[in-house]
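In: missing the sequence, but the structure's below:
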């Protein structure tokens, strides 16, 4: 019953204030992902590695990243919905596999590199790094992270675009993204 109430509250909030709803949902899920990442780092550390105290500023950075990227992702999903409709008006029960493939391909070829660039730049700036340091980190991590992205996200986005209603696509992505953010957080912290 509580889950239904939360879903109704989310849906009402999404319909009345979609950007605010997506921003705070995304920020919260990104902060959760970083919390999981930091706890995982300490739990899985070897005896030779030092214990790292919890970094609240790092979690705040992840919250702010989710806060700013989620409305962009919402607009992106709206664009994909309009540009590649899955149902044809003549056959409303039939799903266009071609349109679904185009959505996934477009997402992976446009939004994935953009999102990764934004992540690396955002984290670099909010960590107080210099332009040279951000460029080095970008050079070191972008290719590795993008290839890892292409191994994981096409399947998740295929499910997302096929089965999730538009208001729930960003939260679905960000829920799946808890593990992805765990990966990015661990990658970014090394």
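Out: In hand now; what should we look at? Everything numeric here is computed off the predicted structure, so don't read it as measured data.
In: which stretches in the chain count as helices?
Out: 2-16, 18-43, 56-83, 97-106, 112-126, 131-163, 166-189 (DSSP state H).
In: so which of the ones you listed is nearest residue 50?
Out: Residue 50 lies closest to helix 18-43 among those, at 9.7 Å (Cβ to Cβ). To be clear about C-beta, it is placed using only N, CA and C from the backbone, and glycine gets the same treatment.
In: mind listing what's buried in the closest one?
Out: Going by neighbour count (16 or more other Cβ atoms under 10 Å), the buried part of helix 18-43 is 18, 21-35, 37-38, 41.
In: try stretch 140-149
Out: Within stretch 140-149, the residues scored as buried using 16+ other Cβ under 10 Å are 141, 145-146, 149.
In: from those, pick the one nearest residue 101.
Out: Minimum distance to residue 101 across those is 17.5 Å, recorded for residue 149 (Cβ to Cβ).
In: distance of that closest one from residue 72?
Out: In this structure, residue 149 and residue 72 are 17 Å apart, going by Cβ to Cβ, to the nearest Å.
In: same check, this time on residue 113
Out: Distance, residue 113 to residue 72, using Cβ to Cβ: 14 Å.
In: now residue 151
Out: Counting by Cβ to Cβ, the gap from residue 151 to residue 72 is 23 Å.
In: repeat that for residue 102.
Out: Where residue 72 is concerned, residue 102 sits at a distance of 20 Å (Cβ to Cβ).
In: out of these two, which sits in the more crowded spot?
Out: Neighbour comparison, residue 102 and residue 72: the larger count goes to residue 72, with 18 against 15 (by other Cβ atoms under 10 Å).
In: who are the contact partners of the closest residue in space to residue 181 that isn't next to it in sequence?
Out: Distances taken as Cβ to Cβ, 6 or more residues apart in numbering place residue 33 nearest to residue 181, at 3.3 Å, with adjacent residues excluded. Residues near residue 33 by Cβ atoms under 8 Å, 6 or more residues apart in numbering: 62, 177-182, 185.
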